[in-house]
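# Requesting a structural model of the entry that follows:
(2 chains)
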Number of protein chains: 2
Amino acid sequence: MSIAVVNEIKSLREIVKNYRKEGKTIALVPTMGCLHEGHKSLMQKAHSIADVTIISVFVNPIQFCPGEDYDKYPRTLDADKIVAESAGVDVIFAPSVNEMYPGLQKFSDLTMVVPPYELTDIMCGKSRVGHFDGVETVVSKLFNIVQPDFACFGMKDIQQLFLIKKMVRDLNFPVEIIPCPLVREESGLALSSRNKYLSDSDKQIALSISKAIFAIRDLYRAGVTDTKKLFDAGLTNLHKNVELEYLEFVDENTFKPVDVVKSNTICAIAARVGNVRLIDNIVLEV
Amino acid sequence: MSIAVVNEIKSLREIVKNYRKEGKTIALVPTMGCLHEGHKSLMQKAHSIADVTIISVFVNPIQFCPGEDYDKYPRTLDADKIVAESAGVDVIFAPSVNEMYPGLQKFSDLTMVVPPYELTDIMCGKSRVGHFDGVETVVSKLFNIVQPDFACFGMKDIQQLFLIKKMVRDLNFPVEIIPCPLVREESGLALSSRNKYLSDSDKQIALSISKAIFAIRDLYRAGVTDTKKLFDAGLTNLHKNVELEYLEFVDENTFKPVDVVKSNTICAIAARVGNVRLIDNIVLEV
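Sure thing, here's the model as predicted:
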């Protein structure tokens, strides 16, 4: 059976209802499309744990801030279908903006799901004001539409993963969140749909981001736990044309900054190469 | 079979799962307990439309503003059981605060469901800042825990009903909201758990609130559609010891104030008698 592409909420609900009648479990992978090997690993994970794998492909306008790349964000549904099918996906839910936000005139007219301010006024949330409100709102909608047993999220978006897990706990969503490892190119560069924006020379510059991450990991493995020293080691590895947004060391359970690496401290970085904003992270395991 | 009282989310999910296996539909009535005839009408409605009726009895701390009556809000679970059983309720979900908000230290640590500012900076939301955030958050939690087919809400809390209906639309909750008519004492006073706080003399004063509402309705029926004139008619009927908070005429579809009564304009009032805050409303039908 070839993969189904569904554009309407009502049709998707019918399909889900039929799967339920057959007693099948469902895993959801929310995406914005432009699928790469990172997404593929999420879809394969979903396929391995549930009877049915549904992905959403939706470039969600309310999670883009003013001046961000909403309009030019790559939309590649035909290619996405091929990647999804090869990963064992059963259904692609690809709604229009009007299907998800009917008649919307301004974002502030919407009921929103909002994470705690203290957890969004750091790292990616600090520069992308309102971004995580948009993410949690659309993910809530997808959870309510699909009612999946499992939902797979990548550890590349580590702050998003943390906030989604908290949202599920706080709001009692009946879904199990499955964290999936970050996937890298052979060069070390973390996979991202935004890598498409990088010229060859910018890509070389961008490589210094993962190099910085690995340098921190190696120094930590060599016994350094002072995050100030680890920070400096990261910084010296960054190419001079990388504009650093943040390089943070946070506790995996609270996302509060730590001075000394503890069990599973997360080291996360965001930086710009030209106009392209990239993120990366690593868990410093004890 | 006597009514079941369940305190734990996990146990309730098990019960719901079994009902689902039997193919039964579920209606939910969220309450803060202290059940009166108004609640009873909601429960009877629920009982009439679904196979199983579940009510929640939970005085939700996060919907009370500082200085409000959270601590002294009446808690009468034994009496509530009798009322609920007589109305055909199958299960009472009565969780502790720690069950609903485990380990909570401050409200701002929670993921919240937040209605649009423009719809909460009016009427009850204007004086009760954050109240509807608390309501939508707890109702979202209850929807996710119970996953009901229907949820019954009273038209007495007309702004709450409006916002919950919008929340369900905006976030695609798979539940049908059933609005239920406001219930009055024979005297005209709208039923409220807070009526318990009224002394006999205050109750006489409070009666002028529904009198004002009825005076407006009668004048409207006599052909007056100018909301300024209707407002004045309401005002002259209020006892001098009633402290008016608002008397608003709003469109049923947008909740924006109207100058001239249109199809199904809502006339809503909030006022204090002594320390007791009371609300009432009427739909001015065309």
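# how about the helix or strand hosting A:L28 against chain B, any contact?
For A:L28, the enclosing helix or strand under DSSP states H and E is strand A:26-31. No. If you take CB under 8 Å from any CB of the partner chain as the test, strand A:26-31 misses chain B, and the best it gets is 13.4 Å. C-beta: built from backbone N, CA, C; applies to glycine.
# Could you pick out the residues of the stretch 151-286 of chain A near chain B for me?
Residues of the stretch 151-286 of chain A that fall close to chain B, judged by CB under 8 Å from any CB: A:163, A:166-167, A:170-174.
# Which of the residues you listed ranks first by neighbour count?
Most neighbours among those, by other CB atoms under 10 Å in any protein chain shown: A:L163, with 26 neighbours.
# residue contacts, the nearest residue to that one once chain neighbours are set aside?
With CB to CB, 6 or more residues apart in numbering or on different chains as the criterion, A:L163 has its nearest non-adjacent residue at 4.6 Å, and that residue is A:P115. A:P115 sits next to A:132-133, A:136, A:163, A:166-167, B:111 when contact means CB atoms under 8 Å, 6 or more residues apart in numbering or on different chains.
# do A:A206 as well
A:189, A:195, A:198, A:242, A:273, A:276, A:278.
# What distance do you get for it to chain B?
To chain B, A:A206 is 33 Å away according to CB to the nearest CB, to the nearest Å.
# now A:A84
22 Å.
# That residue contacts A:I92, correct?
Yes. Assessed by CB atoms under 8 Å, A:A84 is found in contact with A:I92 at 5.7 Å.
# And the helices in the stretch 101-250 of chain A?
A:117-120, A:123-127, A:131-146, A:158-171, A:200-221, A:227-237 (DSSP state H, counting those that start in this stretch).
# Reformat those as CSV; add mean pLDDT.
Output for the helices of the stretch 101-250 of chain A, formatted as CSV (pLDDT from 0 to 100):
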stretch, mean pLDDT
helix A:117-120, 94
helix A:123-127, 93
helix A:131-146, 98
helix A:158-171, 98
helix A:200-221, 97
helix A:227-237, 98
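# Deepest-packed of those helices, please.
Per residue and on average, the most neighbours among the helices of the stretch 101-250 of chain A fall to helix A:131-146, with a mean of 24 (mean count of other CB atoms under 10 Å in any protein chain shown).
# centroid residue for chain A?
Among the residues of chain A, the one closest to the centroid is A:D157, at 3.9 Å (CA atoms, centre = their mean).
# How about it, nearest residue that isn't a chain neighbour?
A:I279 (7.3 Å).
# Which pLDDT value goes with that neighbour?
Model confidence at A:I279, given as pLDDT, is 98.
# Tell me the secondary structure of it, please.
When classified by DSSP: H, G, I helix; E, B strand; the rest coil, A:I279 comes out as strand.
# ok, it - contacts?
By CB under 8 Å, 6+ apart, the neighbours of A:I279 are A:124, A:156-157, A:190, A:192, A:268-271.
# so which pair among the residues you listed is furthest apart in space?
Maximum pairwise distance among these (CB to CB): 15.3 Å, between A:D157 and A:A271.
# Just give the closest residue to A:L244, not the sequence neighbours.
A:A271 (5.0 Å).
# How is the one you found assigned, secondary-structure-wise?
strand.
# Now do it against A:Y246, distance only.
8 Å (CB to CB, to the nearest Å).
# The two - which one has more neighbours?
Counted by other CB under 10 Å, A:A271 and A:Y246 do not tie: A:A271 has more neighbours, with 22 against 14.
# Give the bridge partners for the more buried one, please.
A:L244, A:L278 (DSSP bridges).
# Name all residues that make contact with A:L247.
A:212, A:231, A:234-235, A:267-269.
# swap the cut-off to 7 Å and go again
A:231, A:234, A:269 (CB atoms under 7 Å, 6 or more residues apart in numbering or on different chains).
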